[in-house]
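J.: Sequence and computational prediction follow.
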Amino acid sequence: MRYHAAMDVSHLERVTVNPLVMSGAPCIRGMRVTVGMIIGNLSAGVSIEELLAAYPYLEREDVLAALEYAWLRVQEIEVPLSA
């Protein structure tokens, strides 16, 4: 599937941010599984299937949510504020 502007972002409801959980890092469904941990494992060559086997409480949709969240974050553009 290719991304387009009308892409369904329903997976994003799985990403939660709570200052009391993992110091406010984006997590999956309020668990102590961060988006960063998922993305880091995938970038290290761990397959989605291997990740799901290692963390049986994760669901495929959780991994997709982490990927979608990370993709949206890298699309952000920081614009310096003028004084």
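T.: Looks like it arrived, so ask away. Numbering: from 1, shown residues only.

J.: in this structure, which residue is closest to the centre?
T.: A66 (1.9 Å; C-alpha atoms, centre = their mean).

J.: Just the element for that residue, please.
T.: If you go by DSSP states H and E, A66 is part of helix 60-74.

J.: Identify each buried residue in that helix, please.
T.: 62-70 (16 or more other C-beta atoms under 10 Å). To be clear about C-beta, it is placed using only N, CA and C from the backbone, and glycine gets the same treatment.

J.: Extract the CA atoms of that helix and return them as CSV.
T.: Coordinates of the C-alpha atoms in helix 60-74 are reproduced here as CSV (Å, rounded to 0.1, in the frame of the first residue of the first chain):
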residue,chain,number,x,y,z
ARG,A,60,0.5,-6.6,14.4
GLU,A,61,-1.6,-3.4,14.4
ASP,A,62,0.6,-2.1,17.3
VAL,A,63,3.7,-2.4,15.1
LEU,A,64,1.9,-0.7,12.2
ALA,A,65,0.9,2.1,14.6
ALA,A,66,4.5,2.5,15.7
LEU,A,67,5.6,2.7,12.0
GLU,A,68,2.8,5.2,11.2
TYR,A,69,3.6,7.4,14.2
ALA,A,70,7.3,7.4,13.3
TRP,A,71,6.6,8.3,9.7
LEU,A,72,4.4,11.2,10.7
ARG,A,73,7.0,12.5,13.1
VAL,A,74,9.7,12.6,10.5
